[in-house]
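**Student:** Structure for this input, please:
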Amino acid sequence: MNKISCLPVSLFDKIITGEYSLADWANIAENAGLDAFDISSMFLREHTPVYISKVCEELDRAVLPPFMMTTYPDFTNPCSLERERQLDYLVFDVAMASALGFRYVRVTAGQNHSNINFAQTVDYVLDCFKRASKRADDYGVKLVFENHAKPSAWDVVDFSFNPIAFYAIAANLDDTGVRINFDTANATACGEDVCEMYKKVADKVETIHINDTQTIGFLTSCALGEGLVDFEKFFSTVKECGYDGWFSIEEASNRGVVGIKKAVDFLRGFLV
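**Tutor:** Predicted structure coming up:
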């Protein structure tokens with residue numbers, strides 16, 4: 001049976017502000033029937049030894065294991081010095097993920113900056129992926145690249161929200177050591193057929209984000225099954241392609257703990 005984790009977007013504010021600890025989130029994940037839990041790098045407030053030790057102790061007491069940390073590198077920046085900074089920031093996040101026991105780190109291409117050269121930008125991303133992946137290997141962490149939209153951490157949409165850019169990067173991942181975290185909502189929101197998009201990159205998919213969107217042209221997350229993603233067709237396609245990896249719910253319905261439990265029940269219905 002496929003395993004399920006969750007990135008609790010609905011709880012981001014409570015976790016970032018400290019109202020919920022990472023241990024609280026791990027307990028919520030267990031009670032919701034998950035097999036593991038995800039976090040965002042934005043949840044981690046410090047990198048001091050005392051803080052890291054405290055978080056490790058909290059997570060060691062959790063029943064569920066950590067699975068994936070999401071990060072937001074901006075490797076499309078036309079400034080070479082800024083790309084180096086972004087690479088260092090990501091390596092820092094990878095080191096944190098390793099210390100806390102996470103298996104995967106989700107990475108992004110970067111923002112769709114104005115006046116950038118398309119081919120050159122693809123090369124920037126691939127170069128940074130390759131260099132970052134070597135460091136991730138040292139830490140025992142796997143990097144997965146997402147067909148991404150726009151996080152609150154950025155000013156503009158992801159370069160790879162454009163399907164042409166996503167395919168251009170995906171086609172050249174083999175030499176980087178990076179795999180794909182395929183996102184259902186972003187595939188639909190960018191105007192592609194989610195099943196056809198998946199099939200084009202299926203051989204490179206390591207993990208899958210399950211999310212839904214109410215709109216095309218930009219992402220408007222909603223509860224699973226209440227948007228435009230054809231999940232019945234998608235899961236049939238995934239099965240036909242032989243995927244047997246993890247699914248991670250990107251739960252962004254803004255319905256808190258109740259929304260997470262409903263999302264888990266919804267997804268389990270397709271995995272029986």
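
**Student:** any idea of the mean pLDDT for stretch 41-48?
**Tutor:** The predicted model assigns stretch 41-48 a mean pLDDT of 92.

**Student:** Pull it out as PDB, backbone CA atoms only.
**Tutor:** Listed next in PDB are the C-alpha coordinates belonging to stretch 41-48 (Å, rounded to 0.1, in the frame of the first residue of the first chain):
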ATOM      1  CA  SER A  41      11.800  25.300   6.000                       C
ATOM      2  CA  MET A  42       9.900  28.300   7.200                       C
ATOM      3  CA  PHE A  43       9.000  26.400  10.400                       C
ATOM      4  CA  LEU A  44      12.600  26.300  11.600                       C
ATOM      5  CA  ARG A  45      13.400  29.500  13.600                       C
ATOM      6  CA  GLU A  46      17.100  29.000  14.400                       C
ATOM      7  CA  HIS A  47      20.200  26.900  13.600                       C
ATOM      8  CA  THR A  48      21.800  27.000  17.000                       C
END
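
**Student:** neighbouring contacts of that stretch?
**Tutor:** By Cβ atoms under 8 Å, 6 or more residues apart in numbering, the surrounding residues in contact with stretch 41-48 are 12, 15-16, 18, 22, 51-52, 55, 69-72, 92-93, 96, 153. (Each C-beta comes from the backbone N, C-alpha and C, glycine too.)

**Student:** which parts of that stretch are buried?
**Tutor:** When burial is assessed from 16 or more other Cβ atoms under 10 Å, stretch 41-48 yields the following buried residues: 41, 43, 44.

**Student:** all helices of the stretch 1-150 of the chain, in order?
**Tutor:** Listed from the start of the chain, the stretch 1-150 of the chain has helices (DSSP state H, counting those that start in this stretch) covering 12-16, 22-31, 49-60, 80-100, 118-139.

**Student:** what would those helices look like in TSV with mean neighbour count?
**Tutor:** Rendered in TSV, the data for those read as follows (neighbours: other Cβ atoms under 10 Å):
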stretch	mean neighbour count
helix 12-16	15
helix 22-31	19
helix 49-60	14
helix 80-100	18
helix 118-139	18
